[in-house]
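J.: 3D, please:
(4 chains)
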There are 4 protein chains.
Amino acid sequence: MNTPLLDTQALEQTLQQFADERDWNSFHSPKNLAMALTGEVGELVELFQWLTEEESTQVANNPATARAVRDEVADVLLYLVRLASVLGIDLNEAVEQKMKSNALKYPA
Amino acid sequence: MNTPLLDTQALEQTLQQFADERDWNSFHSPKNLAMALTGEVGELVELFQWLTEEESTQVANNPATARAVRDEVADVLLYLVRLASVLGIDLNEAVEQKMKSNALKYPA
Amino acid sequence: MNTPLLDTQALEQTLQQFADERDWNSFHSPKNLAMALTGEVGELVELFQWLTEEESTQVANNPATARAVRDEVADVLLYLVRLASVLGIDLNEAVEQKMKSNALKYPA
Amino acid sequence: MNTPLLDTQALEQTLQQFADERDWNSFHSPKNLAMALTGEVGELVELFQWLTEEESTQVANNPATARAVRDEVADVLLYLVRLASVLGIDLNEAVEQKMKSNALKYPA
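T.: Here you go, the predicted model:
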């Protein structure tokens, strides 16, 4: 029996409850969530755009950007997990399958 | 003791090993990974762009798009988890903190 | 009398005719076009993601990427001009106003 | 002799001068500008993400969003034109070539 690569069940339930309590379900179509994901990725990328690659390695250690980068990474993850959830995608299964394809596509 | 909202440890280790075996670490600066994330989000969004919101709910059930949407969601997740990993961000902690901020920002 | 900063009238008319001839107008809501723009930006960014900044300066000269980068830049522009057009935005006016704001925000 | 589909020369010169006066040229690598473009597209998409397609048609008329959408469309255009400029891409030529490919790919 394999250990799963990731487990997002508690988060998916928490996000569903969060949406239920705010009457957000009608806004959470996959189309809308995919757009929201774009917006959050844009905010994340903005933290890196004028940095050199070397400087970018310190973004989470730099007090000026440490909190912002954690928040933006979290925002991207929240919308992605919510999107998978409303689509009925099992994230662990999807990731396992994709890692197998990647291993074939890019041999070590 | 709280249950974590998510657990990505096994995936982070697998991705690190995958990068090690292919000598990809020098390409995996946070700046580059943020760009790769953008590219994958673009591919995911393309699956939804001409659909109505109603149609978008069936993307993972429609045989024509079921595999593609799983693969693209997985690709976005893989780059996001890899980015968090190279930045040294604890994803569960980041998500817990962001959910607390969101609960204050959007009261039920 | 000022010279306009840009002129996209002929392109806007050509894109309208292109959409008319293919019955695409019902797909070209601003929401959908904003998503299509995301997809094309993703494809453009993919050309740069593993390059150093120095290498990125040669993308339009490198025979392996010269055509692709022209095509992706054009695709982004086409969707952006089409989006402005269906929204009824005068691009030259919008750009002039934004350049004035930028000049105040970032003094020379 | 054909009328050009678009003319961005005055804008390209203005943007070059703007960068020169602020010592921004060293930041304006194609890689960085492609990232900045992503960020601006994200901000533009955020204006549409929770709207229906029908509602999205009124974004430039709605006083609450009219200025924001003009500014974000302008920001995307500014970075795209600047990117083409530093890459040495002739935008009119790139667009003409792409429109020809599109006409073949999608017959009327």
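J.: for the host helix or strand of A:L77, what is the average pLDDT?
T.: Using DSSP states H and E, A:L77 sits in helix A:66-87. Across helix A:66-87, the average pLDDT comes to 98.
J.: how about the CA coordinates for the very next helix or strand once past it, as PDB?
T.: Later in the chain than helix A:66-87, the nearest helix or strand by DSSP H and E is helix A:91-105. Extracted in PDB, the C-alpha atoms of helix A:91-105 (Å, rounded to 0.1, in the frame of the first residue of the first chain):
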ATOM      1  CA  LEU A  91      -6.000  15.600  -6.500                       C
ATOM      2  CA  ASN A  92      -3.800  12.800  -5.300                       C
ATOM      3  CA  GLU A  93      -4.800  10.500  -8.100                       C
ATOM      4  CA  ALA A  94      -4.300  13.300 -10.700                       C
ATOM      5  CA  VAL A  95      -0.900  14.100  -9.400                       C
ATOM      6  CA  GLU A  96       0.200  10.400  -9.200                       C
ATOM      7  CA  GLN A  97      -0.900   9.900 -12.800                       C
ATOM      8  CA  LYS A  98       0.900  13.100 -14.000                       C
ATOM      9  CA  MET A  99       4.100  12.100 -12.200                       C
ATOM     10  CA  LYS A 100       4.000   8.800 -14.000                       C
ATOM     11  CA  SER A 101       3.600  10.600 -17.400                       C
ATOM     12  CA  ASN A 102       6.400  13.000 -16.500                       C
ATOM     13  CA  ALA A 103       8.700  10.100 -15.600                       C
ATOM     14  CA  LEU A 104       8.200   8.600 -19.000                       C
ATOM     15  CA  LYS A 105       8.500  11.900 -20.800                       C
END
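J.: for helix A:91-105, name the packing helices and strands.
T.: helix A:66-87, helix B:9-21, helix B:66-87 (3 or more C-beta pairs under 8 Å, 6 or more residues apart in numbering or on different chains; DSSP states H and E). Where you see a C-beta, it was placed from the backbone N, CA and C, and this is true even at glycine.
J.: if you set the cut-off to 6 Å instead, what comes out?
T.: Secondary-structure packing of helix A:91-105 (3 or more C-beta pairs under 6 Å, 6 or more residues apart in numbering or on different chains; DSSP states H and E): helix B:66-87.
J.: in the helix it packs on, what's buried?
T.: Neighbour-count burial for helix B:66-87, counted by 16 or more other C-beta atoms under 10 Å in any protein chain shown, picks out B:68-87.
J.: wondering if that helix reaches chain A at all.
T.: Yes. For a cut-off given as C-beta under 6 Å from any C-beta of the partner chain, helix B:66-87 has contacts with chain A, namely B:R70, B:D71, B:V73, B:A74, B:V76, B:L80, B:A84, B:L87.
J.: the helix holding A:L77 near chain C anywhere?
T.: No. Applying C-beta under 6 Å from any C-beta, one finds helix A:66-87 out of contact with chain C, separated by at least 13.6 Å.
J.: what about whatever residue of chain A ends up closest to chain C, neighbour count?
T.: Closest to chain C within chain A is A:T38: 4.9 Å, counting by C-beta to the nearest C-beta. Using other C-beta atoms under 10 Å in any protein chain shown, A:T38 has 31 neighbouring residues.
J.: quick one: contacts for it?
T.: A:T38 sits next to B:V41, B:V45, C:T38, D:G42, D:V45 when contact means C-beta atoms under 6 Å, 6 or more residues apart in numbering or on different chains.
J.: so which pair among these is furthest apart in space?
T.: B:V45 and D:G42 (11.2 Å; C-beta to C-beta).
J.: from B:L80, how far off is the residue nearest in space to the middle of chain A?
T.: Geometric centre of chain A, nearest residue: A:L77, 2.2 Å, by C-alpha atoms, centre = their mean. A:L77 is 6 Å from B:L80, where distance means C-beta to C-beta, to the nearest Å.
J.: any stretches of chain A with poor pLDDT?
T.: Along chain A, the model assigns pLDDT under 70 to residues A:1.
J.: how about the residues of it by chain D?
T.: A:F27, A:N32, A:M35, A:A36, A:T38, A:G39, A:G42, A:V45, A:E46, A:Q49, A:W50.
J.: repeat the analysis, applying 8 Å as the threshold.
T.: Residues of chain A lying close to chain D (C-beta under 8 Å from any C-beta of the partner chain) are A:27, A:32, A:35-36, A:38-43, A:45-46, A:48-50.
J.: closest one to chain D out of those residues, please.
T.: When the residues of chain A next to chain D are compared against chain D (criterion: C-beta to the nearest C-beta), the nearest one is A:G42, at 1.5 Å.
J.: name the element the closest one belongs to?
T.: Under the criterion of DSSP H and E, A:G42 resides in helix A:30-46.
J.: now the angle between helix B:30-46 and that helix, please.
T.: Interaxial angle of helix A:30-46 relative to helix B:30-46 (axes from the mean of the first three to the mean of the last three C-alpha atoms, to 10 degrees): 160 degrees.
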